[in-house]
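Participant: quick one, fold the following:
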Amino acid sequence: MSTPSDLSGRGPLFPAELPVDFTRVPAGPKDSDLVMWWWFSTWALPPGRHSAQELLAFPASNLAFESDGVRYWGPTTRRSTRRLVGDGWVLGALLRPAAVPAFTQQPAACRDDSVPVSAADVHAAVQTSVHDLTAVLGEVETWLSNRVGTITDEARQANHLADLVIADSSITTVSNLAGALGVSTRTVNRLTTKYVGLSPYAMIRRRRLQEAVQWIRGQVPSSGVTL
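Facilitator: Predicted coordinates:
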């Protein structure tokens, strides 16, 4: 299985061309079952200029704190582009499946879309300390942990499923995934419906597309990216 460091080049399609500062921070002990990592992005563009941020996102959902509020973003089904203008910032979390039911009971309904999250107090704290991640992440992690509550065995199984899909290049079919989990393909489909919002096949294909992008950049061996 790949290590977490092998994932660092995935997400933005052209990271070297982005006029932004982008940082990933590992999940802390309070939210290691809920977040793959936190990410923080800032940008400052001159008047009249913009930048198109192109992404091939992970097969997962994100939680995003921005200046105008907090939103839960469901999984994407295609390459996406975000247009950046002026000054801005985002503090986000790449969510693990166990966190998803705290924001939606139907993650498929949020594909390529977002819904607002009511979190006025923690949003105010982020705005106050937005450029000091050390100061703000502890409070945000506590808020997220309290919102999710007790993590069930089923939710942990969904986390394991996502870990395998995202990092294990040997898994190329839904049957491979079911075998690695020790469950039926029916159970795999049930878990991804409830906790991800994408089919297991779509999740696997997204990882393979990300690997192909990394291979083009010369970051991974070619043996893992045959499509």
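Participant: in stretch 168-182, what counts as buried?
Facilitator: 168-169, 171-172, 174, 176-178, 180-181 (16 or more other C-beta atoms under 10 Å). The way it works is simple: take the backbone N, C-alpha and C, and place the C-beta from them, glycine included.
Participant: same deal with stretch 179-195?
Facilitator: 180-181, 188, 191-192, 194-195.
Participant: among these, name the ones in helices.
Facilitator: Applying DSSP state H to the buried residues of stretch 179-195, the entries found in helices are 180-181, 188, 191-192, 194-195.
Participant: of all those, which two lie farthest apart?
Facilitator: Across these, the longest distance by C-beta to C-beta is 18.9 Å; it joins A180 and K194.
Participant: now name the helix or strand holding T150.
Facilitator: Of the helices and strands defined by DSSP states H and E, none includes T150.
Participant: that one and P101, how far apart?
Facilitator: 11 Å (C-beta to C-beta, to the nearest Å).
Participant: again with A180
Facilitator: 23 Å.
Participant: can you check P47 too?
Facilitator: In terms of C-beta to C-beta, P47 sits 43 Å off from P101.
Participant: those two: which has the busier surroundings?
Facilitator: P101 (17 against 6; other C-beta atoms under 10 Å).
Participant: tell me how this structure divides into domains.
Facilitator: Using automatic domain parsing, the domain parsing of the chain gives 4-148, 153-224.
Participant: quick check: phi and psi at A60.
Facilitator: Main-chain torsions, A60, degrees, to the nearest 10: phi -160, psi 170.
Participant: A strand includes A64, no?
Facilitator: Yes. Under DSSP: H, G, I helix; E, B strand; the rest coil, A64 sits within a strand.
Participant: so in terms of bridging, what pairs with the nearest residue to it once chain neighbours are set aside?
Facilitator: In space, A64 comes closest to G92 once its chain neighbours are excluded; the distance is 4.5 Å by C-beta to C-beta, 6 or more residues apart in numbering. Legend: beta-bridge partners of G92 under DSSP bridges are W39, A64.
Participant: now for G92: which residues touch it?
Facilitator: 38-41, 62-65 (C-beta atoms under 8 Å, 6 or more residues apart in numbering).
Participant: try V174
Facilitator: For V174, the contact set (C-beta under 8 Å, 6+ apart) comprises 185, 188-189, 200-201, 204.
Participant: what does the pLDDT read for the closest residue to it other than its chain neighbours?
Facilitator: When the adjacent residues along the chain are set aside, V174 lies closest to P200, with 4.8 Å between them (C-beta to C-beta, 6+ apart). Looking at P200, its pLDDT reads 97.
Participant: P200: neighbouring residues, count only.
Facilitator: 24.
Participant: could you do T128 as well?
Facilitator: With other C-beta under 10 Å as criterion, T128 counts 11.
Participant: run through the residues that contact it.
Facilitator: V136.
Participant: ranges for the helices of the chain?
Facilitator: 120-128, 133-148, 153-167, 174-181, 185-195, 200-216.
Participant: can you lay out those helices as a markdown table showing distance to L55?
Facilitator: Output for the helices of the chain, formatted as a markdown table (distance: least, C-beta to C-beta, whole Å):
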| stretch | distance to L55 |
| --- | --- |
| helix 120-128 | 22 |
| helix 133-148 | 21 |
| helix 153-167 | 15 |
| helix 174-181 | 24 |
| helix 185-195 | 21 |
| helix 200-216 | 10 |
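Participant: for L56, which of the ones you listed is the nearest?
Facilitator: helix 200-216 (5.8 Å).
Participant: buried residues, the closest one. List them.
Facilitator: 200, 202-215.
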